[in-house]
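**Student:** based on what follows, work out the 3D shape:
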Amino acid sequence: MKKLLKNTLPFVLLITAVLIIGAGCGDGLSPTPSGDICDNADTTIETALSDLSNKSMDLQVHEYVFTTSEPGSICAIGYQSFAQTTPYAVDNSAVSYEIEIVGGPTISSTFSNSSIEYISLTTPYEIVPGVNYTIKRTGGDGLNTSNGHTAAVTFPFTSSNFTFVSSNFVDTGSNGGGPVANNGIPKIYFTFTTD
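**Tutor:** Here you go, the predicted model:
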(Lines give C-alpha, C1' and ligand atoms only; values in the text may rest on other atoms or scores of the structure.)
Protein backbone atom coordinates (compact mmCIF):
# COMPACT_ATOMS: atom_id res chain seq x y z
CA MET A 1 0.00 0.00 0.00
CA LYS A 2 2.85 2.38 0.83
CA LYS A 3 4.37 1.75 -2.58
CA LEU A 4 1.04 2.45 -4.31
CA LEU A 5 0.59 5.73 -2.39
CA LYS A 6 4.22 6.68 -2.98
CA ASN A 7 3.91 6.17 -6.77
CA THR A 8 0.29 7.26 -7.26
CA LEU A 9 -0.08 10.21 -4.88
CA PRO A 10 2.34 12.56 -6.73
CA PHE A 11 0.61 11.73 -10.01
CA VAL A 12 -2.88 12.41 -8.52
CA LEU A 13 -1.67 15.69 -6.98
CA LEU A 14 -0.15 16.77 -10.32
CA ILE A 15 -3.36 16.01 -12.23
CA THR A 16 -5.43 17.84 -9.58
CA ALA A 17 -3.17 20.91 -9.75
CA VAL A 18 -3.38 20.98 -13.56
CA LEU A 19 -7.17 20.76 -13.44
CA ILE A 20 -7.46 23.52 -10.82
CA ILE A 21 -5.06 25.87 -12.65
CA GLY A 22 -6.56 25.06 -16.04
CA ALA A 23 -10.08 25.81 -14.84
CA GLY A 24 -9.05 29.37 -13.98
CA CYS A 25 -7.61 30.01 -17.44
CA GLY A 26 -10.93 30.18 -19.29
CA ASP A 27 -11.58 28.64 -22.67
CA GLY A 28 -8.22 29.62 -24.14
CA LEU A 29 -9.82 31.98 -26.67
CA SER A 30 -8.83 35.63 -26.88
CA PRO A 31 -11.52 38.01 -25.64
CA THR A 32 -13.45 39.91 -28.28
CA PRO A 33 -12.00 43.40 -28.52
CA SER A 34 -14.36 45.98 -27.06
CA GLY A 35 -13.29 48.68 -29.52
CA ASP A 36 -11.23 51.79 -29.16
CA ILE A 37 -12.37 54.44 -26.69
CA CYS A 38 -12.50 56.87 -29.64
CA ASP A 39 -14.74 54.73 -31.85
CA ASN A 40 -17.76 56.73 -30.68
CA ALA A 41 -16.12 60.15 -30.40
CA ASP A 42 -18.36 62.94 -31.63
CA THR A 43 -17.81 66.27 -33.32
CA THR A 44 -19.93 68.38 -30.97
CA ILE A 45 -17.39 71.20 -31.15
CA GLU A 46 -17.49 71.23 -34.96
CA THR A 47 -21.28 71.47 -34.89
CA ALA A 48 -21.25 74.23 -32.26
CA LEU A 49 -18.68 76.38 -34.05
CA SER A 50 -20.10 75.78 -37.55
CA ASP A 51 -23.48 77.08 -36.45
CA LEU A 52 -21.98 80.49 -35.55
CA SER A 53 -21.25 83.44 -37.85
CA ASN A 54 -17.88 83.23 -39.59
CA LYS A 55 -15.14 85.76 -39.07
CA SER A 56 -11.41 85.65 -39.63
CA MET A 57 -8.40 86.77 -37.65
CA ASP A 58 -4.72 87.07 -38.41
CA LEU A 59 -1.88 86.96 -35.82
CA GLN A 60 0.25 83.87 -35.26
CA VAL A 61 -1.31 82.47 -32.10
CA HIS A 62 -5.03 81.68 -31.92
CA GLU A 63 -6.19 80.12 -28.66
CA TYR A 64 -9.28 79.53 -26.59
CA VAL A 65 -10.01 78.35 -23.08
CA PHE A 66 -12.84 75.90 -22.49
CA THR A 67 -14.24 73.68 -19.78
CA THR A 68 -16.60 70.73 -19.82
CA SER A 69 -19.39 69.53 -17.56
CA GLU A 70 -18.77 65.85 -18.41
CA PRO A 71 -15.63 63.73 -18.07
CA GLY A 72 -14.19 62.30 -21.27
CA SER A 73 -11.30 62.27 -23.70
CA ILE A 74 -10.19 64.31 -26.68
CA CYS A 75 -9.42 61.85 -29.47
CA ALA A 76 -8.45 64.02 -32.46
CA ILE A 77 -7.72 67.64 -33.33
CA GLY A 78 -9.30 69.22 -36.39
CA TYR A 79 -8.57 72.35 -38.38
CA GLN A 80 -9.32 73.93 -41.75
CA SER A 81 -6.81 76.32 -43.32
CA PHE A 82 -7.99 79.76 -44.33
CA ALA A 83 -8.63 80.70 -47.95
CA GLN A 84 -10.24 83.70 -49.63
CA THR A 85 -10.33 85.25 -53.08
CA THR A 86 -11.50 88.79 -52.28
CA PRO A 87 -10.44 91.47 -51.55
CA TYR A 88 -7.14 89.63 -52.21
CA ALA A 89 -6.20 85.97 -52.60
CA VAL A 90 -5.09 83.98 -49.57
CA ASP A 91 -4.51 80.22 -49.51
CA ASN A 92 -2.95 78.87 -46.32
CA SER A 93 -3.19 75.17 -47.18
CA ALA A 94 0.63 74.95 -47.49
CA VAL A 95 1.27 76.61 -44.10
CA SER A 96 2.24 74.19 -41.33
CA TYR A 97 0.51 74.89 -38.04
CA GLU A 98 1.24 73.57 -34.58
CA ILE A 99 -1.88 72.86 -32.56
CA GLU A 100 -1.59 71.91 -28.91
CA ILE A 101 -3.69 71.23 -25.89
CA VAL A 102 -1.56 73.31 -23.53
CA GLY A 103 0.09 70.92 -21.07
CA GLY A 104 -0.91 67.98 -23.26
CA PRO A 105 -0.34 66.66 -26.78
CA THR A 106 0.77 68.71 -29.79
CA ILE A 107 0.32 68.07 -33.51
CA SER A 108 2.02 69.80 -36.45
CA SER A 109 0.58 69.63 -39.93
CA THR A 110 -0.72 71.44 -42.98
CA PHE A 111 -4.50 71.39 -43.37
CA SER A 112 -6.88 71.51 -46.31
CA ASN A 113 -8.69 74.78 -47.00
CA SER A 114 -11.72 72.99 -48.48
CA SER A 115 -12.75 70.89 -45.47
CA ILE A 116 -11.96 70.24 -41.81
CA GLU A 117 -9.22 67.65 -41.39
CA TYR A 118 -8.82 65.68 -38.17
CA ILE A 119 -5.58 64.18 -36.89
CA SER A 120 -5.94 61.46 -34.26
CA LEU A 121 -3.95 61.82 -31.06
CA THR A 122 -1.58 58.95 -30.31
CA THR A 123 -3.27 58.57 -26.93
CA PRO A 124 -6.69 60.04 -26.08
CA TYR A 125 -6.28 63.07 -23.81
CA GLU A 126 -8.45 62.86 -20.72
CA ILE A 127 -10.31 65.95 -19.57
CA VAL A 128 -12.26 66.39 -16.36
CA PRO A 129 -15.22 68.63 -15.54
CA GLY A 130 -14.60 72.08 -14.10
CA VAL A 131 -10.97 72.37 -15.25
CA ASN A 132 -10.00 75.04 -17.79
CA TYR A 133 -8.13 73.75 -20.86
CA THR A 134 -6.42 75.85 -23.52
CA ILE A 135 -6.19 74.83 -27.17
CA LYS A 136 -3.67 76.86 -29.17
CA ARG A 137 -2.79 77.11 -32.88
CA THR A 138 0.57 78.68 -33.80
CA GLY A 139 1.92 79.42 -37.27
CA GLY A 140 2.25 81.76 -40.19
CA ASP A 141 3.87 85.15 -40.54
CA GLY A 142 1.48 87.20 -38.41
CA LEU A 143 -0.34 88.48 -41.48
CA ASN A 144 -1.96 86.60 -44.37
CA THR A 145 -0.45 83.16 -43.65
CA SER A 146 -1.67 83.45 -40.07
CA ASN A 147 -5.30 84.10 -40.99
CA GLY A 148 -7.72 81.63 -39.49
CA HIS A 149 -11.45 81.08 -39.25
CA THR A 150 -13.18 82.26 -36.09
CA ALA A 151 -16.75 82.11 -34.78
CA ALA A 152 -18.42 85.28 -33.54
CA VAL A 153 -19.61 84.90 -29.92
CA THR A 154 -19.97 86.68 -26.63
CA PHE A 155 -18.07 84.99 -23.79
CA PRO A 156 -18.73 82.81 -21.96
CA PHE A 157 -20.44 80.73 -24.66
CA THR A 158 -21.96 77.32 -23.83
CA SER A 159 -22.88 74.62 -26.32
CA SER A 160 -23.81 71.11 -25.21
CA ASN A 161 -21.50 70.19 -22.32
CA PHE A 162 -18.75 72.68 -23.28
CA THR A 163 -18.29 76.26 -22.15
CA PHE A 164 -15.88 78.49 -24.04
CA VAL A 165 -14.47 80.82 -21.39
CA SER A 166 -12.24 83.16 -23.41
CA SER A 167 -9.99 83.51 -26.46
CA ASN A 168 -6.78 85.29 -27.34
CA PHE A 169 -4.91 86.22 -30.53
CA VAL A 170 -1.30 87.43 -30.50
CA ASP A 171 1.92 87.39 -32.56
CA THR A 172 4.91 85.53 -31.18
CA GLY A 173 7.51 88.16 -32.20
CA SER A 174 8.37 91.13 -30.01
CA ASN A 175 7.18 93.56 -32.72
CA GLY A 176 4.00 91.62 -33.40
CA GLY A 177 0.40 92.49 -32.86
CA GLY A 178 -1.96 91.70 -30.06
CA PRO A 179 -2.95 90.49 -27.71
CA VAL A 180 -6.55 90.71 -28.90
CA ALA A 181 -8.78 89.11 -26.30
CA ASN A 182 -12.21 87.55 -26.85
CA ASN A 183 -12.56 88.40 -30.54
CA GLY A 184 -14.44 85.19 -31.35
CA ILE A 185 -13.58 81.52 -30.93
CA PRO A 186 -10.78 80.22 -33.16
CA LYS A 187 -12.18 77.34 -35.20
CA ILE A 188 -9.88 74.68 -33.80
CA TYR A 189 -11.96 71.52 -33.51
CA PHE A 190 -11.65 68.27 -31.59
CA THR A 191 -13.51 65.01 -31.29
CA PHE A 192 -14.67 64.05 -27.83
CA THR A 193 -15.93 60.90 -26.17
CA THR A 194 -17.58 60.87 -22.76
CA ASP A 195 -16.58 58.37 -20.09
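**Student:** residue boundaries of the helices in the chain?
**Tutor:** For the chain, the helices defined by DSSP state H cover 2-23, 44-50.
**Student:** quick check: mean pLDDT across the first one?
**Tutor:** Helix 2-23 carries an average pLDDT of 58.
**Student:** looking at this protein, which strand is longest?
**Tutor:** Longest strand in the chain, counting residues (DSSP state E): strand 117-127.
**Student:** residues in contact with it?
**Tutor:** Here strand 117-127 makes contact (C-beta atoms under 8 Å, 6 or more residues apart in numbering) with 37-38, 68, 71-80, 101, 104-105, 107, 109, 111, 133, 189, 191, 193. Using the backbone N, CA and C atoms, a C-beta is placed for each residue, glycine as well.
**Student:** which of the residues you listed are buried?
**Tutor:** 38, 68, 72-80, 101, 107, 111, 133, 189, 191, 193 (16 or more other C-beta atoms under 10 Å).
**Student:** can you flag which of these belong to strands?
**Tutor:** With strands defined by DSSP E, the entries of those inside them are 68, 72-79, 101, 107, 133, 189, 191, 193.
**Student:** now Glu63: closest residue in space, sequence neighbours ignored.
**Tutor:** Spatial nearest neighbour of Glu63, chain neighbours left out: Lys136 (3.9 Å); criterion: C-beta to C-beta, 6 or more residues apart in numbering.
**Student:** who touches that neighbour in this structure?
**Tutor:** Per C-beta under 8 Å, 6+ apart, neighbours of Lys136: Val61, His62, Glu63, Ile99, Glu100, Val102, Ile188.
**Student:** which secondary element of the chain has the worst mean pLDDT?
**Tutor:** helix 2-23 (a mean of 58; mean pLDDT, DSSP states H and E).
**Student:** who's in contact with the closest residue to Thr193 other than its chain neighbours?
**Tutor:** Computed as C-beta to C-beta, 6+ apart, the closest residue to Thr193 that is not its neighbour in sequence is Ala41, at 4.2 Å. By C-beta under 8 Å, 6+ apart, the contact list for Ala41 reads Ser73, Cys75, Ala76, Thr191, Phe192, Thr193.
**Student:** if you set the cut-off to 7 Å instead, what comes out?
**Tutor:** Residues in contact with Ala41 (C-beta atoms under 7 Å, 6 or more residues apart in numbering) are Cys75, Thr191, Phe192, Thr193.
**Student:** partners of the third one in the sheet?
**Tutor:** Listed beta-bridge partners, Phe192: Asp42, Ile74 (assigned using DSSP bridges).
**Student:** what about it, how many residues nearby?
**Tutor:** Per other C-beta atoms under 10 Å, the neighbour tally for Phe192 reads 24.
**Student:** that one reaches Glu46, doesn't it?
**Tutor:** No - assessed by C-beta atoms under 7 Å, Phe192 is found out of contact with Glu46, at 10.2 Å.
**Student:** give me the distance between Thr44 and Ser167.
**Tutor:** Here Thr44 is placed at a distance of 18 Å from Ser167 (C-beta to C-beta, to the nearest Å).
**Student:** higher neighbour count, those two?
**Tutor:** More crowded of Thr44 and Ser167, by other C-beta under 10 Å: Ser167, with 25 against 18.
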